[in-house]
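K.L.:
Next one to model:
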Amino acid sequence: MAATVVFDQLRDKFKGAILAHHSSESPEAVKAVVSEVNGSDPEKKLALDQAFRDATRSMLLNSRPAEDLTSVVTCAVNCARHDMCGQVLPFTLLSDVLDCVTLDKCTDIFHYVDSHVDWWLEPRFYTTAGKNLLLRVCNNLLRRMSKPQNTVFCGRIQLFLAHLFPITEKSALNLTSQFNQDNVTDFKSAEEIEATSPANAMDTGDASQSKIDGHVYQQLWSLQSFFAKPTDCYVPDKWIQFKGAVDHILNVFVSHPLESHSVGLATSSAASTNIDAARDALIGVAEPSSIPVGSEQQFYFPKYLTSEKLMDLELNDSNFRRQVLVQMLIVSQYLTGTVKFKAQSQTLTDAQDLWIKDTTDRIYEILKKMPPDGEGFTSYVQQMLQREEQWVDWKNNSCPRFTRSREEYRNIQAPGREKRRAVARPQYTPSKRIRWDMGSSELTRVWNINPDNLQACTATHRQFTPSLGSFFDEAIDQADPEAMVEDQYKVIYESRFQWRALRLLSRHSPYFFVTPPNAKPAANRAVGPESIVAFLDQTVAQISKDINTEQQRQQPQQQQESTAQQTSQTPVEERGDTLQQEKQQEGDAEPMDETEAAKSDSPPSADGAAESASAVPASS
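P.N.:
The predicted model follows:
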């Protein structure tokens, strides 16, 4: 009993301190009151937690503004950081506040939650039950709100949860690719439209137009069942219905293009004025005259109405057309994409794949021509669908993590570093030749073909620059007057030959940087095709002259070399017989003795030299 009294006293004392100093959002005042009280830390922490909840309930009963409620939560966050209360207390307070206030005040309080998302991501709050409590709070808010009426608020909550939880969090993923079949679109049947069309036709005086609108109405809204459940397209009968509806709607969009941006306000006939006024009164759209020309104001409809009377308005709305076309693109991507949880029977034929490809290209062409900014909108849609393909691939691979831990990174990089240390390491073979190991067998073989790679690059078979003689051979032949080649047909008049010739001369010829003796001064010299032709003509003549001089100089030397080669190939006996025959023809009838024959031999053989050496003393 005494313990209960002490707990109630502590709770009341702490509650008074919280109500008195919550506006400062500082834990110092509350900390001073807690330190004055005798008791253990668990008892003080439990009493302070209850005191915060009591203070919040008191403010809710007194209808205090949202600023006072959020200041109490901020004070609880600061106390939790100093370990004065539980780490889950701020989330408990937020849950109590959002469950007890109206949706209008929830908007202000959630703005406070969204603006301090960095607090909730702190380890002391996030790693505990804080993230699960915030998820529960957000889900309760979404259940209370209506998606058509509170669309923006629902979107803010979804964005907050996407920022709060990591992208690899699987609790919000549609892993099995299930469709929301609860989203049913109700529209009138063909019998109901036929029952009401005669009266409308008599009123407007155009029965054919009502039939066309009725057919377009049926085809357009029947597509919503395929958009909600694309797997029906794999059924043959359903596929025929889907293909016919898509082709018909695309033909309508092409035959009735939008010339200017329309937001669904019909101005084509006076009969639609009453429909516009009724529609504006229902959905709260401003009068057409109150919307400035060229205004960027856009109207967003969470779910379009399916009344046949609004068919003309919706077909004249670019947003409505884009909505339908983008839905077609999404379904086409699903039908042709690879999804892990598709059944084996859910496959398309080649003809169906070809039709989807052609239809997709046709839809993109329609979107590009649709105002306003058709090109920009189409690029956004293509980028979105590309990211959707990457998202589907990620789910097909069982949602792997996008980030690696430090240990995983080390394990992946360690083998790579060892490989880099092994690359280009010299190895000595038994022949003392250095063999470089490049880390790959094929690369090592190519690298070690030649011991010196620089020397291999300078090999003769790798020289692709032609010589001056071979390059100007044709020009020299054309410069000969006997060839009788007209100037316009000479190669020196071709721009390609001129550029290659100048480049080759700048590298190999000594005449390129030498000015001819009869040339004009640089100031008076004309620079152009004529000057290049004149320079090449003089250069060709000089090269031809040098080639002829070199050939004349080398001709005697070549004759001497050929004669010496023939002499070296003739036997000694044949040479002696030939010399004796020549002397006999000259009238020298004296026979040659052995000594003269030996002297005439050049060079003598070993046997002949010995005989000559023995014969000289004998004659003397």
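
K.L.:
Any stretches of the protein with poor pLDDT?
P.N.:
The chain contains residues with pLDDT under 70 at 1-5, 25, 197-212, 260-302, 408-435, 509-529, 564-620.

K.L.:
Please, where are all the strands along it?
P.N.:
425-428, 434-437 (DSSP state E).

K.L.:
Let me see the contact set for Asp68.
P.N.:
His22, Ser23, Met59 (C-beta atoms under 8 Å, 6 or more residues apart in numbering). C-betas here are computed from N, CA, C, even on glycine.

K.L.:
Looking at the residues you listed, which is nearest Ile543?
P.N.:
Ser23 (100.3 Å; C-beta to C-beta).

K.L.:
just to revisit the earlier point, may I ask which of the contacts of Asp68 has the most neighbours?
P.N.:
His22 (24 neighbours; other C-beta atoms under 10 Å).

K.L.:
thought that residue was touching Val72?
P.N.:
Yes - using C-beta atoms under 8 Å, His22 makes contact with Val72 at a distance of 4.9 Å.

K.L.:
residues bridging contact with these two, i.e. touching both?
P.N.:
Joint contacts of His22 and Val72 (C-beta under 8 Å, 6+ apart) are Ala55.

K.L.:
thought His315 was touching His256?
P.N.:
In this structure residue 315 is Leu, not His. Yes - the pair Leu315 and His256 passes the contact test of C-beta under 8 Å, sitting 6.9 Å apart.

K.L.:
more neighbours, these two?
P.N.:
Leu315 (22 against 11).

K.L.:
what residues are up against the more buried one?
P.N.:
Contacts of Leu315 by C-beta under 8 Å, 6+ apart are Val216, Val252, His256, Arg321.

K.L.:
Out of those, give me the two with the largest separation.
P.N.:
Farthest pair in those, by C-beta to C-beta: Val216 and Arg321, 12.4 Å.

K.L.:
which of the two has more neighbours?
P.N.:
For Val216 and Arg321, the more surrounded residue by other C-beta under 10 Å is Arg321, and the numbers stand at 22 against 18.

K.L.:
OK, contacts around the more buried one?
P.N.:
Arg321 touches Phe253, Leu258, Leu315, Met370, counting by C-beta under 8 Å, 6+ apart.

K.L.:
ranges for the helices of the stretch 51-200 of the chain?
P.N.:
66-81, 89-100, 103-115, 117-120, 123-125, 131-144, 151-164, 190-204 (DSSP state H, counting those that start in this stretch).

K.L.:
Output those helices in a markdown table; the columns should cover distance to Thr465.
P.N.:
A markdown table is the format used below for the helices of the stretch 51-200 of the chain (distance: least, C-beta to C-beta, whole Å):
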| stretch | distance to Thr465 |
| --- | --- |
| helix 66-81 | 78 |
| helix 89-100 | 80 |
| helix 103-115 | 72 |
| helix 117-120 | 68 |
| helix 123-125 | 70 |
| helix 131-144 | 72 |
| helix 151-164 | 64 |
| helix 190-204 | 83 |
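
K.L.:
out of those, nearest to Glu388?
P.N.:
So among these, helix 151-164 is nearest, using C-beta to C-beta, at 15.8 Å.

K.L.:
chain center to that closest one, what's the gap?
P.N.:
28 Å (C-alpha atoms, centre = their mean, to the nearest Å).

K.L.:
Can you list the helices and strands that that helix packs against?
P.N.:
helix 103-115, helix 117-120, helix 131-144 (3 or more C-beta pairs under 8 Å, 6 or more residues apart in numbering; DSSP states H and E).

K.L.:
Run through who's touching it.
P.N.:
Contacts for helix 151-164 (C-beta under 8 Å, 6+ apart): 103, 107, 110, 113-114, 117, 120-121, 131, 134-135, 138, 141-142, 145, 147, 172, 300, 302.

K.L.:
And stretch 177-192, by the same measure?
P.N.:
Contacts for stretch 177-192 (C-beta under 8 Å, 6+ apart): 214, 217-218, 221, 224-225, 228-231, 306, 308, 339-342, 395.

K.L.:
Any of the contacts of helix 151-164 buried? List them.
P.N.:
Thr107, Phe110, Val113, Trp120, Lys131, Leu134, Leu135, Cys138, Leu141 (16 or more other C-beta atoms under 10 Å).

K.L.:
farthest-separated two in these?
P.N.:
Thr107 and Lys131 (22.3 Å).

K.L.:
Surely Leu329 and Asp361 touch.
P.N.:
No - contact criterion C-beta under 8 Å: Leu329 and Asp361 do not qualify, at 10.9 Å.

K.L.:
These two: which is more packed in?
P.N.:
For Leu329 versus Asp361, neighbours defined as other C-beta under 10 Å are more numerous around Leu329 (19 against 9).

K.L.:
That one: what's it in contact with?
P.N.:
Leu329 touches Thr360, Ile363, Val381, Leu385, counting by C-beta under 8 Å, 6+ apart.

K.L.:
Could you check how many residues crowd around the first one?
P.N.:
I take that to be Thr360. That count, for Thr360 with other C-beta under 10 Å as the rule, works out to 16.

K.L.:
for the second one, same thing?
P.N.:
Other residues near Ile363 come to 21 when the count uses other C-beta under 10 Å.

K.L.:
any idea how far Gln333 is from it?
P.N.:
11 Å (C-beta to C-beta, to the nearest Å).

K.L.:
which ones are touching Asp537?
P.N.:
Ala479, Ile492.

K.L.:
So which residues of the stretch 451-600 of the chain form helices?
P.N.:
Counting by DSSP H, counting those that start in this stretch, the helices of the stretch 451-600 of the chain are 453-457, 468-471, 473-479, 495-508, 529-569, 572-585, 594-600.

K.L.:
The first one - contacts with which helices or strands?
P.N.:
When you say that, I think you mean helix 453-457. Using 3+ C-beta pairs under 8 Å, 6+ apart: helix 453-457 touches no other helix or strand.

K.L.:
For that helix, which outside residues touch it?
P.N.:
Trp447, Ile449, Asn450, Arg462.

K.L.:
Dump the residues you listed into CSV; add distance to Phe165 as well.
P.N.:
Listed next are the contacts of helix 453-457 as CSV, based on distance: C-beta to C-beta, whole Å:
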residue, distance to Phe165
Trp447, 52
Ile449, 58
Asn450, 61
Arg462, 63
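
K.L.:
mind putting those in JSON lines, distance to Asp473 and neighbour count included?
P.N.:
Listed next are these as JSON lines, based on distance: C-beta to C-beta, whole Å; neighbours: other C-beta atoms under 10 Å:
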{"residue": "Trp447", "distance to Asp473": "39", "neighbour count": "15"}
{"residue": "Ile449", "distance to Asp473": "35", "neighbour count": "8"}
{"residue": "Asn450", "distance to Asp473": "33", "neighbour count": "12"}
{"residue": "Arg462", "distance to Asp473": "23", "neighbour count": "8"}
